[in-house]
Each structure stands twice: as C-alpha cells, then as structure tokens.
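J.: A structural model of the following input is requested.
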Amino acid sequence: MIEFKVPDMTCGHCASTITKAVKELDAGAKLDISLAEHLVRVDSKASREDLQHAIAEAGFTPEAA
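T.: Numbers count the residues shown, from 1 in each chain. The predicted structure follows:
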C-alpha cells in the first residue's frame with residue numbers, strides 16, 4: 001500500500017479526480033481515500049513515482065505520507 005498526503009484534496013470531487021487519474025494509470029488499482037486526513041492510499045502495481053506523477057498531473061500536490 002502506497003500512501004500520499006494530499007493537502008489540497010478537500011472534497012468528493014477532488015477524491016474522484018484523483019481516483020480517475022490513478023485508474024487511468026492502473027485500472028486494477030484499489031484506493032482508500034480519507035478526506036478528513038487528506039490521505040490517499042493506493043494498492044497498485046504502478047510505482048510510487050508514477051502514482052505521484054499521475055496525482056500531480058490531475059492538479060494536486062501529493063507528498064510522501
């Protein structure tokens with residue numbers, strides 16, 4: 001499980017945008033998103049770097065958690 005802190009993820013739309021970006025990278029990825037904690041947990045075969053890049057390309061600022 002790869003974790004990112006995403007401080008600028010604030011609502012359900014943000015969460016769905018991040019989910020879509022990750023699923024475009026790895027359709028089989030499983031996500032656990034906590035808006036309250038600004039945490040995104042991803043179970044994926046993609047690398048941490050690729051996931052971080054996909055989230056950043058979606059307009060967010062992922063940080064290592």
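
J.: all helices for this protein, in order.
T.: 12-25, 48-57 (DSSP state H).

J.: what would those helices look like in a markdown table with distance to residue 35 and mean pLDDT?
T.: Any C-beta I mention is one placed from the backbone N, CA and C, and that applies to glycine too. Listed next are these as a markdown table, based on distance: least, C-beta to C-beta, whole Å; pLDDT from 0 to 100:
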| stretch | distance to residue 35 | mean pLDDT |
| --- | --- | --- |
| helix 12-25 | 6 | 97 |
| helix 48-57 | 15 | 97 |
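
J.: Can I get those helices in CSV including distance to residue 40 and mean neighbour count?
T.: As requested, these are arranged in CSV below (distance: least, C-beta to C-beta, whole Å; neighbours: other C-beta atoms under 10 Å):
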stretch, distance to residue 40, mean neighbour count
helix 12-25, 6, 16
helix 48-57, 7, 16
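
J.: Now do the contacts for residue 23.
T.: Counting by C-beta atoms under 8 Å, 6 or more residues apart in numbering, residue 23 makes contact with residue 29.

J.: how close does residue 27 get to residue 44?
T.: Noted for residue 27: a distance of 10 Å to residue 44, by C-beta to C-beta, to the nearest Å.

J.: Could you check which of the two has the larger neighbour count?
T.: Taking other C-beta atoms under 10 Å, residue 27 and residue 44 do not tie; residue 44 has more neighbours (20 against 8).

J.: what's the neighbour count on the residue nearest to the more buried one when sequence neighbours are not counted?
T.: Distances taken as C-beta to C-beta, 6 or more residues apart in numbering place residue 29 nearest to residue 44, at 3.8 Å, with adjacent residues excluded. By other C-beta under 10 Å, the residues close to residue 29 number 18.

J.: Look at residue 29 and report its pLDDT.
T.: pLDDT, residue 29: 97.
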